[in-house]
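Trainee: From the sequence below, what's the structure:
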Amino acid sequence: MKTIKRILMAGTLVATLTATANNEKLIAGNNSDVTITNSNETVDISILNTQNNTYTLYIYNPNGELVFKQSLGNDTSLGKRFNFEWAHKGDYKFTFVTNQGERSSYFVKTGHN
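Mentor: Numbers count the residues shown, from 1 in each chain. Got it, this is the predicted structure:
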């Protein structure tokens, strides 16, 4: 019974610390392959690429204009960091396209002014 109590206490402690320490906004894809973290005008993207697809990332500004396009490659783990400190505040559209034609889009509210 003491072991169960300790496990529950440890779980509660971890959940509490995570909830209070993490003020980042997290966006996870439908199949959890794409994760986007937005904190202090910094947007981090990561992709768990178990199918070894080649990903291309497109970023559109709040006006719908393409502001970034780059192939992210086909490694098992892909990631990139973007600084939006000098960007206009708004909803930026992150679109990921694979070489298989799969497409997923996410809106991230970021920017400073």
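
Trainee: now stretch 34-47: how far from the chain's centre is it?
Mentor: 4 Å (C-alpha atoms, centre = their mean, to the nearest Å).

Trainee: Could you say which helix or strand holds residue 107?
Mentor: For residue 107, the element it lies in under DSSP states H and E is strand 103-110.

Trainee: Please apply the same query to residue 47.
Mentor: Judged by DSSP H and E, residue 47 forms part of strand 42-48.

Trainee: tell me which residues of that strand are tucked away?
Mentor: For strand 42-48, a neighbour-count test (16 or more other C-beta atoms under 10 Å) marks 43, 45, 47 as buried. C-beta: built from backbone N, CA, C; applies to glycine.

Trainee: Please apply the same query to stretch 81-91.
Mentor: Of the residues in stretch 81-91, 82, 84, 87 count as buried by neighbour count, 16+ other C-beta under 10 Å.

Trainee: any chance of the buried residues of strand 42-48 in TSV, with pLDDT and distance to residue 62 too?
Mentor: Output for the buried residues of strand 42-48, formatted as TSV (pLDDT from 0 to 100; distance: C-beta to C-beta, whole Å):
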residue	pLDDT	distance to residue 62
43	95	14
45	94	18
47	92	24
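
Trainee: quick one: contacts for the spatially closest residue to residue 34 that is not a sequence neighbour?
Mentor: Leaving aside its sequence neighbours, residue 34 sits nearest to residue 47 (C-beta to C-beta, 6 or more residues apart in numbering; 5.4 Å). Residues in contact with residue 47, defined by C-beta atoms under 8 Å, 6 or more residues apart in numbering, are 33-35, 55, 72, 77-79, 96.

Trainee: Please identify which pair of these lies farthest apart.
Mentor: Greatest spatial distance among the contacts of residue 47 (C-beta to C-beta): 77 and 96, at 14.4 Å.

Trainee: Which of the buried residues of stretch 81-91 fall in strands?
Mentor: If you go by DSSP state E, those have residue 82 in strands.

Trainee: Now tabulate the buried residues of strand 42-48 in a markdown table and tack on distance to residue 106.
Mentor: Below are these laid out as a markdown table (distance: C-beta to C-beta, whole Å):
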| residue | distance to residue 106 |
| --- | --- |
| 43 | 10 |
| 45 | 9 |
| 47 | 12 |
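
Trainee: Fine, thanks again, bye for now.
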